[in-house]
Every structure is written in structure tokens, then in C-alpha cells.
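K.L.:
Give me the fold of what follows.
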Amino acid sequence: MATVGPVSSRLLAAVALACAAVGGGAVLLVAHAAGWLHGERTTVVLQETIRAEAAAAPVRPAIAGVFDPAGIYARRARGVVTLYAVFGSDTTTGAAQGSGFVVSSDGLILTSSHVITTAGTGSADVEPASQVFVEFRDRDRVKASIVGWDVFDDVGVLRIDPKAHALTPVPFGDSSRVVVGAPVAAIGSPFGNENSLTVGVVSATQRSIESLTSQYNLVDAIQVDAPINHGNSGGPLFDARGRVIGINAQIRSDSGNAEGVGFAVPINAARRSMEQLVATGKVAYAYVGVTSEDLTPGIARQFGYPVRYGAVITSVRPGSPGAKAGLRGGSEERDFNGSAFTYGGDVVVAIGGRPVRSAADVVRAVTERLRPGQTVGVSIVRDGRRRTVRVTVANRPRNPDSGR
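P.N.:
The predicted structure is shown next:
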């Protein structure tokens with residue numbers, strides 16, 4: 001079994017993987033809001049197939065004010081699986097264990113990339129497991145093939161022969177509609193205890209957190225207080241109606257154990273990754289090459305900005321699309337109410353005509369609406385004046401320092 005260690009973060013408690021990331025936890029660099037993704041929307045047939053199966057799945061109508069974890073478990077546990085990823089040639093020892101869930105009748109399974117690859121171990125190159133085995137609730141095991149993985153959103157996709165075992169796909173929900181306080185249920189295999197159920201509530205939405213598998217932040221993570229432990233990674237997070245709204249991925253902890261602060265990758269992002277991986281075996285993320293921080297009304301008043309909200313560019317990587325377009329980063333660090341603020345950079349206030357109110361909005365805009373090679377107008381405020389800069393985004397490098 002692989003070990004997992006905490007990941008340190010400035011101003012935050014230690015972060016630990018919620019599952020076995022082979023070789024232990026890795027300390028990864030953080031970009032406050034570096035340019036992100038989107039590849040082309042692909043495989044309409046796949047999308048329609050999954051929608052049809054989700055619609056056909058038995059979902060008992062939710063009763064106002066009623067949260068029925070036992071009912072969710074009864075309906076969904078058969079679609080949740082335990083994964084054993086083997087790295088090397090020995091199938092009896094050294095297997096990393098995680099969770100996953102069936103999403104289509106033709107054998108697609110979603111999980112976390114760090115469950116089925118070496119992502120998150122600090123290795124320069126990500127390598128897939130040599131073998132992956134899927135164990136169902138009845139303890140029957142079948143062999144799976146790796147379709148692909150996305151280290152940026154920490155998503156992995158497997159496929160099994162649908163004739164090898166009866167499949168019970170679980171339906172997708174809409175993570176964009178998740179609200180704080182909503183009840184949730186997580187099913188997975190913490191510490192190898194298969195098909196375990198934990199419950200809680202959504203503690204926060206749209207969290208921007210350190211990625212454990214790349215050097216870019218993961219935005220829009222769903223924070224929950226449902227206990228998530230080693231082995232839960234890759235398992236589904238369900239809403240009150242038994243629909244998947246996220247993939248359980250991380251915990252934040254001082255001890256390395258669950259302390260009521262867990263994070264899930266939103267299912268809308270995971271679906272986007274899955275569709276691209278099934279179509280091409282890889283994902284394409286757009287890249288601007290800037291980091292930024294929030295402009296708040298207090299900062300705007302203190303330093304004389306003519307706008308109250310936006311994303312202040314703190315740095316621009318040399319040779320990046322942002323640098324080629326002439327975007328400017330900050331020039332000096334100043335103090336604001338006990339916190340450092342990088343002053344002097346352009347303030348991004350809109351991308352493609354849509355308002356930007358925070359650094360996370362920059363990431364969302366590039367992730368959700370742009371694809372590599374696309375040119376977009378970025379509205380900025382510089383020296384008190386608003387102007388628009390045309391930026392042609394590139395394909396995001398896995399290592400922004402090397403450009404590869």
C-alpha cells in the first residue's frame with residue numbers, strides 16, 4: 001500500500017491526499033491563478049449516451065427537508081467500485097488503492113488521476129499504473145484499461161469490458177448548482193474498507209485550492225465536512241437526490257487524517273475532461289501565462305484604482321501568450337492591512353466581454369470558454385485607463401517554468 005503525506009501551504013494547514021498517491025505526498029508549486037483550459041467540446045454521441053443513462057437511472061424524488069443517506073446508499077453503492085493500481089510487475093504487493101464509479105453501460109469508470117498514475121509523487125514525468133483492477137461490491141474483480149488522465153483537474157478514466165460484470169451507472173448532477181449547506185453523501189473505500197458511506201454538508205463552493213497533481217490551482221472545488229480519508233480518492237460525492245456532483249480528491253489536515261475539511265473536483269469539470277479523454281486520449285487546456293490576485297474595494301481605495309473589483313496581474317511568464325500580448329505584471333510589493341499586495345500590474349476586468357471580479361474568474365474564463373489557438377479580447381485597466389488587449393492563448397504546458 002502506498003503512503004500519503006501532507007503538503008504544506010503558506011497561510012494554510014497541511015494538505016494530504018485522500019487516497020494512495022504512489023510514493024507519498026508531493027510538495028507542488030502554486031500559481032495563484034495561472035491561465036487554464038479549455039479544449040474543444042467533443043463526442044456529442046458520448047454526451048447524449050451518458051445523459052440518457054443518467055435520465056434512465058432510478059432516482060427517487062427528493063422530499064423537501066428530507067435527506068435519506070440509506071436510500072442513496074441502497075440505490076448507488078452498486079455503481080461505486082474499489083480500484084487497485086499496480087506499479088511495476090508485482091500484483092500482490094505495492095498496489096495503490098482508491099475508489100471510482102461507473103458512469104456508462106459500456107464500461108467507463110471515473111476516478112482521480114493520482115489513483116491510477118504517479119501524478120502527485122513529485123516525479124517529473126507522469127506514468128500510468130502497469131495494471132488496474134476494479135473490484136465491485138460483490139468482491140468480484142475485473143481488469144481495466146486506462147483511457148487517459150488529466151493531471152490539471154485530477155481526473156482519470158478507465159474502461160472495463162461490460163460483459164465482464166453487471167454495471168450500474170450512477171447519474172450525474174450539476175455542480176454549478178451546488179449551494180453551501182446542502183447535504184451530501186460520499187461513498188468509497190477509505191483504508192480499504194469497501195463501500196463505506198459518510199455524510200455531511202457542503203461547507204463552501206468555488207474554492208481555489210492547491211493542486212496535488214500539477215503546478216496550477218484547482219478552482220471551483222467543492223468543500224465538504226463529510227469525512228474523507230485515504231482510499232476515498234476517486235469516489236463519488238452525491239447530492240440529496242443521489243446524483244454525482246463531485247469526485248472526492250483531497251483533505252486539508254494538520255494530522256494527515258480527516259478533520260472535516262475535504263474537497264471534491266466538481267463533476268462538470270470532470271465530465272469535460274472525460275469527454276476529451278474518451279475522444280482523443282488527452283486534454284487540451286488554454287494557457288495565458290499570468291498569475292493574479294484579487295482586487296477588492298478596500299485595496300482599490302487604498303491604492304487609487306478606478307475600479308473596485310478585478311484581478312491584478314502579479315506576474316507574466318516570459319514568452320507566454322500574456323507576455324506576447326503586452327500584459328504587465330506588478331512591480332512592487334506593498335502592505336495592506338497586514339497582507340502583502342503586489343502593486344503596479346494591469347487589472348483584468350473582462351475577458352471576451354464577460355466581467356472579471358476576481359483572480360479565480362480569470363481561471364474560470366480561460367478554462368470554460370477558451371481553447372488553445374483562440375484569440376480573445378482581455379479588457380484591462382492600466383494607469384487609470386481602460387483598454388483591450390488581444391491575446392492568442394496557447395496550449396498549457398505541464399511545467400510552466402520550462403514551457404513544456
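
K.L.:
Please point out which parts of stretch 170-181 sit buried.
P.N.:
170-173, 175, 178 (16 or more other Cβ atoms under 10 Å). In this view, the C-beta of every residue, glycine as well, is placed from N, C-alpha and C.

K.L.:
Over to stretch 67-81?
P.N.:
67-69, 71-73, 75-81.

K.L.:
okay, those residues in CSV with secondary structure and distance to G188 next?
P.N.:
Formatted as CSV, those follow (DSSP: H, G, I helix; E, B strand; the rest coil; distance: Cβ to Cβ, whole Å):
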residue, secondary structure, distance to G188
F67, coil, 19
D68, coil, 19
P69, helix, 14
G71, helix, 18
I72, helix, 13
Y73, helix, 12
R75, helix, 16
R76, helix, 12
A77, helix, 10
R78, helix, 14
G79, helix, 12
V80, strand, 7
V81, strand, 10
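
K.L.:
May I ask you to confirm that L110 is in contact with V155?
P.N.:
Yes - counting by Cβ atoms under 8 Å, V155 is a contact partner of L110 at 7.0 Å.

K.L.:
Same question for the biggest strand by length in the chain: list its buried residues.
P.N.:
Of all segments of type strand in the chain, defined using DSSP state E, the longest is strand 196-209. Applying a neighbour-count criterion of 16+ other Cβ under 10 Å, one finds 196-200, 202-203, 205-209 buried in strand 196-209.

K.L.:
Can you name the element that comes right after that strand?
P.N.:
strand 218-224 (DSSP states H and E).

K.L.:
residues in contact with that next one?
P.N.:
Residues outside strand 218-224 that contact it (Cβ atoms under 8 Å, 6 or more residues apart in numbering): 33, 36, 152-154, 175, 178, 184, 186, 200-211, 237, 245-246, 249-250, 261-266, 269, 360, 363-364, 367.

K.L.:
what residues go with each domain of the chain?
P.N.:
6-280, 286-395 (automatic domain parsing).

K.L.:
Let me know which of these is tucked in deepest.
P.N.:
Neighbour counts (mean count of other Cβ atoms under 10 Å) averaged over each of these peak at domain 6-280, with a mean of 21.

K.L.:
pLDDT (mean, whole number) over that domain?
P.N.:
Mean per-residue pLDDT for domain 6-280: 78.

K.L.:
I'd say V307 and T296 touch.
P.N.:
No - with contact defined as Cβ under 8 Å, V307 does not reach T296; the gap is 10.9 Å.

K.L.:
tell me which element H114 falls in.
P.N.:
Assigned by DSSP H and E, H114 falls in helix 113-116.

K.L.:
Got phi/psi on E368?
P.N.:
phi -90, psi -20 (degrees, to the nearest 10).

K.L.:
dump the residue contacts of F238.
P.N.:
F238 neighbours (Cβ under 8 Å, 6+ apart): 72, 76, 170, 173, 184-187, 244-245.

K.L.:
which SS state does the closest residue to D140 other than its chain neighbours fall under?
P.N.:
Closest residue in space to D140, ignoring its immediate chain neighbours: H165 at 5.9 Å, by Cβ to Cβ, 6 or more residues apart in numbering. At H165 the chain is in coil, as set by DSSP: H, G, I helix; E, B strand; the rest coil.

K.L.:
Quick one: the strands in the stretch 301-404 of the chain, in order.
P.N.:
Along the stretch 301-404 of the chain, counting by DSSP state E, counting those that start in this stretch, strands occupy 310-316, 332-336, 339-343, 347-351, 354-355, 375-382, 385-392, 394-395.

K.L.:
Alpha carbons only: can I get the first one in CSV?
P.N.:
It stands for strand 310-316. Output of strand 310-316 as CSV, limited to C-alpha atoms (Å, rounded to 0.1, in the frame of the first residue of the first chain):
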residue,chain,number,x,y,z
GLY,A,310,-11.0,42.7,-10.8
ALA,A,311,-7.8,40.6,-11.0
VAL,A,312,-4.5,42.4,-10.6
ILE,A,313,-1.8,40.7,-12.6
THR,A,314,1.2,39.9,-10.3
SER,A,315,3.5,38.3,-12.8
VAL,A,316,3.7,37.4,-16.5
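
K.L.:
hmm, who's touching that strand?
P.N.:
32-33, 289-295, 299, 322-323, 327-330, 341-343, 345-349, 356-359, 361-362, 381.

K.L.:
what pairs with it, and is each one parallel or antiparallel?
P.N.:
strand 290-295 (antiparallel), strand 347-351 (antiparallel) (DSSP bridges).

K.L.:
Any idea how far it is from the middle of the chain?
P.N.:
22 Å (Cα atoms, centre = their mean, to the nearest Å).
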